[in-house]
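# Fold the stuff below for me.
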Amino acid sequence: MDMTSSAGKPVQITVTEGYELVKGTKGDFPVTFVRAEFNNVVLGDSTKFMVTAEGTARYNFNTSFEFNPDGVNTLDELAHKPVFLTVIEVLPKEKKQKDERTVTLGQAVVDLLPLLEGESTFEIMAPLHPVIGSPLENNRPGAKCCLEVTVSVSEALLTTAQILGGNLLRMTLEAAYSVPEIFVPTGPQQNYMAGLQIPSNKEKDYPILFKNGILKLGGEKEPVPRPKKWPIFNILAPGAQYIPDAFITGGPYVEEDGELNHPEDKEFRNQAETFKKRIVWDLESRSYLDPVAVVNFQKRIADCRFFPVEIARVPVAPGEEEAQFNFHGVAYVNMVPLLYPGVKRIRGGFRVLPYLDGPVYEKSSSIKSQSSDFPLEGEIPLYQNSEGQQYMEAATYIVLEIELEKALVPKRLPEELGARVRDMIPPRPSPVRRTGGAQKALDDYHTQIQNISVAILEEYHKMFGKDLTPGKDLDNQTLEDHKCQLNYELNCSGKYFAFKEQLKHAVVKIVREKFLKTTAFENQEELQAFISELYIYLVDQMNVTLNQSMPDENLSTALTAATTSEQLRLFAYEAQVNEDFALATVYYEERLVRDNQNIEHWLDYGSFCLLLDDITKAQECFRKALASTVITGLMLMMFHYEQAEIFFEDATCLEPNNVVAWTLLGLFYEIQNNDIRMEMAFHEAAKQLNAKLIKEKTTSETVDIGGKLDSSITTLGIVRSSSPSKRDIPGDLLPSQSQLLWCPLSRSLCFILTLVFLASPLLLFLSLLIWFFSASSKSQVSSAALSPSTFQGVSHPPISIFMETTRFLMKVKAIQYVHRVLAHELLYPQGGPSCEYYLVLAETHLLKKDFPKAEEYLQAAVQMDYMNPNVWGLKGHLYFLNGNHAEAKECYERTVSFVVDAAEMHFIYLRLGSIYLEDGENEKAKNTYLMACKKSPSCLTWLGVGIACYRLEELTEAEDALSEANAMNNYNAEVWAYLTLVCLKVSFQLSTRQSFFPLKLGNEDLLKEIHRVQEMVGFGDPSF
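Numbering: from 1, shown residues only. Next up is the predicted model:
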């Protein structure tokens, strides 16, 4: 029998053979046939076959049903309803018997889930479960009755887009524990029901119902593992009600995601699940979510957080289609964990409360129960739901599991790190080998002899250079005269005494290190003997030195600078984030010492000074930046606030497509109460922004100014992209040299630069910076780079001119104007609150240490974009600065799990690694710091690796990492401290003394640890 039609896609079911069908009701070799059913519809019966002596029956039965996404047999039906294959025995006819009698032997279940996984054909040996009283129950030991079944479709039911974007939702309702005592198994029959609704791709939500719960008395726990059941009833064979390979496994309460997962709930859970009444369902319902439904499901979770699961008892009244239900309760399931990266499953216990419209609306944005499609409806006022109140009095809770085939938010795959730390250390020049002990003392003596020899030769050449003729030797008398005059000059001028003092320290070291003489002489003879021996040795070594070729005095043994300008910038921002402003100043000034003609160095230092409210120094830095590129030393002192307008207008003339310049010009006009010009400037800014968006949309190549960690970092560790070079920016975005130096307004340039010294400097700084970016040739920055995104981890197109401007203000640390610009963002037609809006607000309040406000804005940002790693990264910074390291750790781990990096990954790794070290999770700390070293190595990252390796007793790797940290910053006391510990552990006595001497460590615990290790190994005490 074939029930397919011309519409839809036919799903073909083929039953080839049955095995081990040995016994029938009337004896061996029964005559049987197979009946196929799907979705409560009989698909057809096979031909009758007699079972052979081997117990097989060759049915070769083919049937099918129609799959139609808009019909009865949809993807949801295929997901949670199987095909039932019933084997029926035909009994022999007796005398005077007209109709043929049949007896059901067993039932097999075919799960159609592989069709939803993209397969077009699959085969299965479906076990044949005997019905109650069937002779198959008494089959021979070891016999497995089964049917060989093939399911096929002409083409896959799902497209590639549906397979990649869709998802399969499994929802298992296990049981309701500690139900009200009024629930008794005697009396009228009751149907215990539960249900909820999930979003679909249509207007109405899709209901999921769990019916016919079984009321059980207490006495023992439900066994685990136990099989899950199909949400289908009237199944003939008891074994056919279980889903193949699907089990309820349970687990520790503390690992659940529900409400009753605290240690104090353990005793109550044990009592409720062992001795109290419960309603058991053990049903699993599946739902296919197409890509649109997946998006709706994510949005519903983000918007509502809680999904109401309603529970009720419905009397079973024969003949009544719609019986009135009672004991209406609701449990609120927090679905937010499903939005965590990589999370596919939540399971836990959820308290059952009386169903009330108000709380349900408040928690789920649903005014009432889904009355049209969901049978658990009830318009019960608060004062009438006394039955539901009994759930609270009995402390009833349900155990529910929700599982997805794929995580809604993908998780990053863990990166494989090298086995040894040195594999990640970049090559660098070998340092000068430093010797110790006697050899070091001797080398110092040779060096001093060389230096003094060079000085004496210079003095000799100064006195007698005119007497020296190339190719002509001096006679002995002349040389003796020169010697006497040189000795006289050296003694009279004091240089002889200076040379003796210069050599004294080297001789003392030779006495101590070479001759090992540290005690006083007992008598004069011993002293004279020692002096004679020492004199002979020193003269011999002096002759060795003088006989060697004199070194080139121009040679330098100094190493090339081990750090680049970009690394120094990173180190400076590290210190800035850690609020070590003195160290940050050192790094900024070091960059200026290396290259004081680089305007980026002056600009970065000026922004740093502006953050510290050092207005005078910031003025000087910005003046230096301009002086180094345009005009040198031509500054006038004028104090006219109104002249700032000229600066802004210059910027808009130099680069008329600069959105930030026009927006700040409008902001300036607003301060001046010039509404007409303010509207003009804002309108022009919007016009330029729209043109920019259209250009980006139509061009296939985009300007990528992200990806480099070496630019600006906020005080919270937000790393922004570096200023791109000319080769990174299309030529049409860069002004030519003549445009930069000889623009039409260059005649007013001297007058404009005087504005740097105005009494109200902040707005003038903004105008200066805007002009600077627009006009500076050496800055190599165009409008494309003028507004780098504050949060680079997730790319979002600029929403409005004000958010574009906010990014610039945050970059140059002009925090005072951020709130004014954000106020415009709220009123702007194309603007409004966004995730970035709340992130900027949170960052500004975090800078002010206003933690409650920052947390409030971050919570709003989470609601708007829960998948934005920058939100969780900044939230981690909030908790870290607030001292709540447990919450910070959770946020940082979630940030790291995202596929897309957050903007501030460097400091996220640093702080997460430090938390791991505090908690003793040294292996995790090592891997975290190594990830930071891979992205942006610094002294602190390698120090973290070294500490973690030291705690793990990996001393070789610890030494390598600490050496690399020391190469980047040899003034870090903590690095020296851990180097001391490593040297103590590996018994490097001399290295221990050398590494301990430079310490000026304020960490008392670390100092105590050093002393403990010194006492343990028996050496290294610097007091020796």
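# name the helices or strands packed onto the longest helix along the chain?
In the chain, taking DSSP state H as the definition, the longest helix is helix 437-464. In terms of contacts (3 or more CB pairs under 8 Å, 6 or more residues apart in numbering; DSSP states H and E), helix 437-464 is packed against helix 476-493, helix 495-513, helix 524-547. From N, CA and C alone the C-beta is placed, and that goes for glycine too.
# most tightly surrounded among these?
helix 495-513 (a mean of 15; mean count of other CB atoms under 10 Å).
# so which strand or helix has Arg347?
Here Arg347, judged by DSSP states H and E, is contained in strand 345-351.
# And that strand, what's buried?
Residues of strand 345-351 classed as buried by neighbour count (16 or more other CB atoms under 10 Å): Ile346, Arg347, Gly348, Gly349, Phe350, Arg351.
# From the residues you listed, pick the one nearest Leu105.
Nearest to Leu105 among these: Arg347, at 37.8 Å, using CB to CB.
# list the contacts for the closest residue to that closest one other than its chain neighbours?
Closest residue to Arg347 apart from its sequence neighbours, by CB to CB, 6 or more residues apart in numbering: Glu401 at 4.1 Å. Contact partners of Glu401, counting by CB atoms under 8 Å, 6 or more residues apart in numbering, are Arg170, Met171, Thr172, Glu174, Ile248, Arg345, Ile346, Arg347.
# what kind of secondary structure is Glu401 in?
strand (DSSP: H, G, I helix; E, B strand; the rest coil).
# How about Lys277: what's its closest non-neighbour residue?
Per CB to CB, 6+ apart, closest to Lys277 is Val179, 5.0 Å.
# number of nearby residues for Ser565?
When neighbours are defined as other CB atoms under 10 Å, Ser565 has 16 of them.
# Over to Glu1004?
8.
# Ends of stretch 103-122, what's the gap?
The first and last residues of stretch 103-122 sit 30 Å apart, counting by CA to CA, to the nearest Å.
# Can you give the domain ranges for the chain?
Listed domain ranges for the chain are 9-158, 162-367+387-404, 437-456+489-547, 564-627, 641-696+799-832, 849-901 (source: the TED database).
# so can I have CSV of those domains showing distance to Tyr929?
Putting the domains of the chain into CSV (distance: least, CB to CB, whole Å) gives the following:
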stretch, distance to Tyr929
domain 9-158, 41
domain 162-367+387-404, 21
domain 437-456+489-547, 34
domain 564-627, 13
domain 641-696+799-832, 28
domain 849-901, 12
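# Turn the ones you listed into CSV, including distance to Ala842 and mean pLDDT.
As requested, those are exported to CSV (distance: least, CB to CB, whole Å; pLDDT from 0 to 100):
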stretch, distance to Ala842, mean pLDDT
domain 9-158, 41, 87
domain 162-367+387-404, 18, 88
domain 437-456+489-547, 56, 82
domain 564-627, 16, 77
domain 641-696+799-832, 12, 77
domain 849-901, 4, 89
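# So for Leu1007, which of the ones you listed sits nearest?
Among the domains of the chain, the nearest to Leu1007 by CB to CB is domain 564-627 (19.8 Å).
# to the chain's geometric centre, what's the distance from that closest one?
Centroid separation for domain 564-627 versus its chain: 29 Å, with CA atoms, centre = their mean, to the nearest Å.
# what do you get for stretch 388-402?
36 Å.
# sorry, back to before: any idea how far the residue nearest to Arg347 is from Leu113?
Glu401 sits 17 Å away from Leu113, taking CB to CB, to the nearest Å as the criterion.
# What of Arg305?
With the distance defined as CB to CB, Arg305 ends up 30 Å from Leu113.
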